[in-house]
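1. kindly return the folded structure for what I paste below:
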Amino acid sequence: MPLPSRRGALKLTAGLALLGAGALTGCGRGDATTAAKSSATPIDDSPATGTLNVWAAQGDADVLDKVIKPFKAANPKLTVKFTLIPNAEYYTKLQSAIAAGKGPDVAQFFPESQAQFLDPSILRAVPDDLVDPKSFFTSLWDAGLVKDTAYTVPWYAYTYALVYRSDLAKKAGVTAPTTWAGVVPFLKALQGAGAAHGLGADIGWDIFNGQDVAMYAWQAGGSLLSGGKWTLDTPAMADALTYNASFFTSKVADTSGPTFLDAQPYFVSGKTAMMITGPWVVGQLDTAAKKTGWTANHVATAPLPAGSSGSVSFSAGGSWGVLADTGNADASWKFVRYLAKPSTQVAQYKAYSSLPAVVSAWDDTAIKGQPLLDAFLTQLKNTRAFPQVSTWQQVATRLGKEMEAVAKGTESPAKAAANVQAYAESLGTGAQ
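-> Coordinates of the predicted model:
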């Protein structure tokens, strides 16, 4: 869960919008039907052999060579070659390689932004009985499904929760809010306890903000896509935009800062007192504070406050897929299966703090003994996958810009919701 997983991924995810769902179809790939059928062949337990080319984005994958040492030892006649690509360039280079018919055997994907790859001309269907779908957080598995066929296997997970200054909350005599109605009063109380602003709101007004308001729309009872049609011009979306704007109109957040890279220094210094963010922050605050143990004495976490339809967040993280024209499908699937084992995902956590996508792995003492992660586990059990259509990235980006207009008072929530709906309809879904 590297720091760039939100802002650093902007170029990566923005580039997805340039590819329609069919943009890669047939580009040097094998026959779609053949790929889908052949990948359904059961994978046995015999040692893998040959050479396996694996591509991944820099970050969580940096430690893979260490994590898979037991796999290499159990498969001595298999050579695994890793190609690690900078996060912001990863999908662009992967797309180019696939189009040229020169892709790897196995590639890393991101559940929140992999929709355009979920096609039998690009990826093989996950073999029956390779893994137990029910062992993963539901929304992470669902992010790899198209028409009940799975194309990816979850690897690591993250979602959003509240990260707040527990020392200021104690001073103010308040506890973390559990509903939307309690958020602004809680943040004002933190300001009364000394914070300049209660919330360090994300002011990038980009694709990631769009993901945030989508999350709020779910909390308000909305859906983003239904029956293959966009459902964005709804009271729930207007409520989501209003909720987000309330942080700024109530003066508990500022439209001028902090920027993404300033979020942690502001939080540590007391310029802000709460973030709505991912679990990687927990492990980085001591560094920002330049003091070991600062986090334990100053920070608490809590699930997201509930709207009228509950506390819902989005699922994100990492996943693995096997390319349709791999020359070593047997070894590819054995590699993916190994990375999906609870013990492997615990090893990945110990090596890089990547939180497991397999639910049972959270019972390991290395993770269970981290109280600040409890809120993220609770939230991961109540998440949804973003729409698995290729145009979602463009729609989310437009949502971010509409959020800015509402937050700054230049547009009404109803008008912003109508604008997003019209834009989304003009794009369609690019559905596969």
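
2. make it CA atoms for all contacts and neighbour counts henceforth
-> Fine.

3. for Phe110, give me its contacts.
-> Residues in contact with Phe110, defined by CA atoms under 8 Å, 6 or more residues apart in numbering, are 316-319.

4. would you mind measuring from it to Tyr156?
-> Per CA to CA, to the nearest Å, Phe110 is found 9 Å from Tyr156.

5. including distance to Ser390 and pLDDT, could the contacts of Phe110 go into CSV?
-> Formatted as CSV, the contacts of Phe110 follow (distance: CA to CA, whole Å; pLDDT from 0 to 100):
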residue, distance to Ser390, pLDDT
Ala316, 16, 95
Gly317, 18, 97
Gly318, 18, 98
Ser319, 17, 98
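
6. just these now: which is nearest Gly101?
-> Nearest to Gly101 out of these is Ser319 (CA to CA; 21.4 Å).

7. checking that closest one next. Helix, strand or coil?
-> Of the three states, Ser319 takes strand under DSSP: H, G, I helix; E, B strand; the rest coil.

8. hey, where'd the strands end up in the stretch 251-400 of the chain?
-> Listed in chain order, the strands of the stretch 251-400 of the chain (DSSP state E, counting those that start in this stretch) span 272-277, 299-302, 313-314, 316-322, 383-384.

9. dump stretch 228-247 to PDB, restricted to CA.
-> Taking Å, rounded to 0.1, in the frame of the first residue of the first chain, the C-alpha atoms of stretch 228-247 are listed here in PDB:
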ATOM      1  CA  GLY A 228     -26.300  -1.500 -18.100                       C
ATOM      2  CA  LYS A 229     -27.400   2.100 -17.800                       C
ATOM      3  CA  TRP A 230     -25.900   4.900 -15.800                       C
ATOM      4  CA  THR A 231     -27.900   6.000 -12.700                       C
ATOM      5  CA  LEU A 232     -26.200   9.100 -11.600                       C
ATOM      6  CA  ASP A 233     -28.900  11.800 -11.800                       C
ATOM      7  CA  THR A 234     -30.600  10.700  -8.700                       C
ATOM      8  CA  PRO A 235     -31.500  12.100  -5.300                       C
ATOM      9  CA  ALA A 236     -28.800   9.800  -3.800                       C
ATOM     10  CA  MET A 237     -26.100  11.400  -5.900                       C
ATOM     11  CA  ALA A 238     -27.400  14.900  -5.100                       C
ATOM     12  CA  ASP A 239     -27.300  13.900  -1.400                       C
ATOM     13  CA  ALA A 240     -23.700  12.600  -1.800                       C
ATOM     14  CA  LEU A 241     -22.600  15.900  -3.400                       C
ATOM     15  CA  THR A 242     -24.300  17.900  -0.700                       C
ATOM     16  CA  TYR A 243     -22.700  15.800   2.000                       C
ATOM     17  CA  ASN A 244     -19.200  16.300   0.600                       C
ATOM     18  CA  ALA A 245     -19.900  20.100   0.100                       C
ATOM     19  CA  SER A 246     -21.000  20.400   3.800                       C
ATOM     20  CA  PHE A 247     -17.400  19.900   4.900                       C
END
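
10. these two touch, right, Lys77 and Ser46?
-> No - with contact defined as CA atoms under 8 Å, Lys77 does not reach Ser46; the gap is 11.4 Å.

11. show me what contacts Glu112?
-> 143, 315-317, 385-386.

12. closest to Val213 out of those residues?
-> Phe386 (11.7 Å).

13. for the closest one, what are phi and psi?
-> When read as degrees, to the nearest 10, the backbone of Phe386 gives phi -70, psi 160.

14. and the nearest residue in space to it that is not next to it in sequence, how far from Tyr216?
-> Nearest residue to Phe386, sequence neighbours excluded (CA to CA, 6 or more residues apart in numbering): Glu112, at 6.1 Å. Per CA to CA, Glu112 is found 16 Å from Tyr216.

15. one more: Ala99?
-> Ala99 is 37 Å from Tyr216, by CA to CA.

16. the more surrounded of these two?
-> Legend: neighbour count by other CA atoms under 10 Å for Ala99 and Tyr216, higher for Tyr216 (32 against 18).

17. what pLDDT is listed against that one?
-> According to the prediction, Tyr216 has pLDDT 98.

18. again with Gln388
-> If you check Gln388, the pLDDT there is 88.

19. number of residues surrounding it?
-> For Gln388, the neighbour count with other CA under 10 Å is 25.

20. again with the one 5 residues further on
-> Gln393 has 25 neighbours, counted by other CA under 10 Å.

21. close enough to count as contact, it and Ser113?
-> Yes - using CA under 8 Å, Gln393 is in contact with Ser113, at 7.4 Å.

22. what's opposite the spatially closest residue to Asn87 that is not a sequence neighbour in the beta bridge?
-> Excluding the flanking residues, the one nearest Asn87 by CA to CA, 6+ apart is Ala57, at 5.0 Å. Here Ala57 sits in beta bridges with Ile85, going by DSSP bridges.

23. tabulate the CA atom coordinates of stretch 415-432 in PDB.
-> What follows is stretch 415-432, C-alpha atoms only, in PDB (Å, rounded to 0.1, in the frame of the first residue of the first chain):
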ATOM      1  CA  LYS A 415     -27.300  20.300 -11.600                       C
ATOM      2  CA  ALA A 416     -24.000  18.600 -11.000                       C
ATOM      3  CA  ALA A 417     -25.700  15.200 -10.800                       C
ATOM      4  CA  ALA A 418     -27.600  16.000 -14.100                       C
ATOM      5  CA  ASN A 419     -24.300  17.000 -15.700                       C
ATOM      6  CA  VAL A 420     -22.600  13.800 -14.800                       C
ATOM      7  CA  GLN A 421     -25.500  11.700 -16.000                       C
ATOM      8  CA  ALA A 422     -25.500  13.500 -19.400                       C
ATOM      9  CA  TYR A 423     -21.700  13.100 -19.700                       C
ATOM     10  CA  ALA A 424     -21.800   9.400 -18.800                       C
ATOM     11  CA  GLU A 425     -24.600   8.800 -21.200                       C
ATOM     12  CA  SER A 426     -22.600  10.400 -24.000                       C
ATOM     13  CA  LEU A 427     -19.800   8.000 -23.300                       C
ATOM     14  CA  GLY A 428     -21.900   4.900 -22.800                       C
ATOM     15  CA  THR A 429     -20.500   2.000 -20.800                       C
ATOM     16  CA  GLY A 430     -18.200   0.400 -23.300                       C
ATOM     17  CA  ALA A 431     -19.600  -2.800 -21.800                       C
ATOM     18  CA  GLN A 432     -18.000  -6.000 -23.000                       C
END
